[in-house]
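[1] Starting from these lines, generate the structure:
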Amino acid sequence: MKLLCVSDQIDPFIYSSSIKERFGDVDAVISAGDLPDEYLEFLVSALNKPLFFVFGNHNLKSFNYYHNTRGCSKEDYRFQHDDFSSCSGTGALYIGFKCIRAEKMLIAGVSGSLKYNNGLCQYSERQMKLRLLLLVPSLLINKLKYGRFLDILVTHAAPRGIHDKEDQCHKGFKCFLSFMKIFKPKFLIHGHIHLYDLQDTRVSKYEETTVINAYSHYIIETGDFE
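    Residues are numbered from 1 along each chain as shown. A predicted model of the protein is given here:
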């Protein structure tokens, strides 16, 4: 399976009339956050492939709709896939704090960054750990039904000590490390950490998980999921 992973930067190599020629063979698109709705909508319409996304700590125009924090009525929701719903109309599927099976993938997502100024979609270490715990029942069902907990975890922030930085905004979450140890996703795809130097590390291995920084864009070949 071939996945186009994006985050944090509108890439002119993608936001182009040549996108179909360059990326038309991908099976799905994954956004690890901090991209505007309009960019996701372009990817969906241009490639006509499933797109799964989480929110970062910026570009949060539609965050309140997905989390129903400002009274989005049921009539506003357009159901798109099983129990997903969307108010923004991008055609992309929000997987923040959900675990689902799609395109033969077991994929889960968590939105947001480490709390640094009490802004929207920022979480303390404890808050993020609790949100990961809420995924556990779905992961256990996956193990019983499919023989594995999870294939891909999509986050915005990086795991602590892997690709992250030392400033409070860009520190990673420690709980991602224990999650990978226990549930062994094949991939953890994150954003948030901008790559200004081509020598910066983009791909790392932790336990049985390949950790990938999706900044701008990155193609991964996952192999087959059963």
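[2] got the residue ranges for the helices in this protein?
    Along the chain, counting by DSSP state H, helices occupy 19-23, 37-47, 63-66, 125-133, 136-146, 175-183.
[3] Columns mean pLDDT on top of these, output as CSV?
    Formatted as CSV, these follow (pLDDT from 0 to 100):
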stretch, mean pLDDT
helix 19-23, 95
helix 37-47, 95
helix 63-66, 86
helix 125-133, 97
helix 136-146, 97
helix 175-183, 98
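[4] Of those helices, which is nearest Gln9?
    Ranking those by proximity to Gln9 (C-beta to C-beta) places helix 37-47 first, at 9.7 Å. From N, CA and C alone the C-beta is placed, and that goes for glycine too.
[5] which outside residues touch that closest one?
    Residues from elsewhere that reach helix 37-47, judged by C-beta atoms under 8 Å, 6 or more residues apart in numbering: 4, 6, 10, 14-15, 19-20, 23-24, 26, 29, 31, 51, 53, 59, 61-62, 88-92.
[6] re the thing from before, for Gly223, find the nearest of the helices of the chain.
    Ranking the helices of the chain by their distance to Gly223 (criterion: C-beta to C-beta) puts helix 136-146 first, at 15.1 Å.
[7] residues of that closest one that come out buried?
    138-139, 142 (16 or more other C-beta atoms under 10 Å).
[8] Same check on stretch 43-52?
    Across stretch 43-52, burial judged by 16+ other C-beta under 10 Å covers 43-44, 46-47, 49-52.
[9] what distance separates the start and the end of it?
    From its first residue to its last, stretch 43-52 covers 11 Å (C-alpha to C-alpha, to the nearest Å).
[10] re earlier: what's the farthest-apart pair in the buried residues of stretch 43-52?
    Greatest spacing in the buried residues of stretch 43-52, by C-beta to C-beta: Ala46 and Phe52 (16.3 Å).
[11] Show me the shaky parts of the chain.
    Applying pLDDT under 70 to the chain flags the ranges 68-90, 198, 226.
[12] at 90 what do you get?
    Along the chain, segments meeting pLDDT under 90 span 61-62, 64-91, 103-104, 196-200, 223-226.
[13] where's Asp27 relative to Tyr215, distance?
    Distance, Asp27 to Tyr215, using C-beta to C-beta, to the nearest Å: 21 Å.
[14] same deal with Ile193?
    Counting by C-beta to C-beta, the separation of Ile193 from Tyr215 is 6 Å.
[15] Same check on Asn57?
    Distance from Asn57 to Tyr215, by C-beta to C-beta: 14 Å.
[16] same question, Glu21
    Distance of Glu21 to Tyr215, given as C-beta to C-beta: 23 Å.
[17] Those two - which one has more neighbours?
    The residue with more neighbours, out of Glu21 and Tyr215, is Tyr215; 24 against 9, by other C-beta atoms under 10 Å.
[18] dump the residue contacts of the spatially closest residue to Asp224 that is not a sequence neighbour.
    Spatial nearest neighbour of Asp224, chain neighbours left out: Met1 (6.7 Å); criterion: C-beta to C-beta, 6 or more residues apart in numbering. Met1 makes contacts with 27-28, 103-105, 221-225, as judged by C-beta under 8 Å, 6+ apart.
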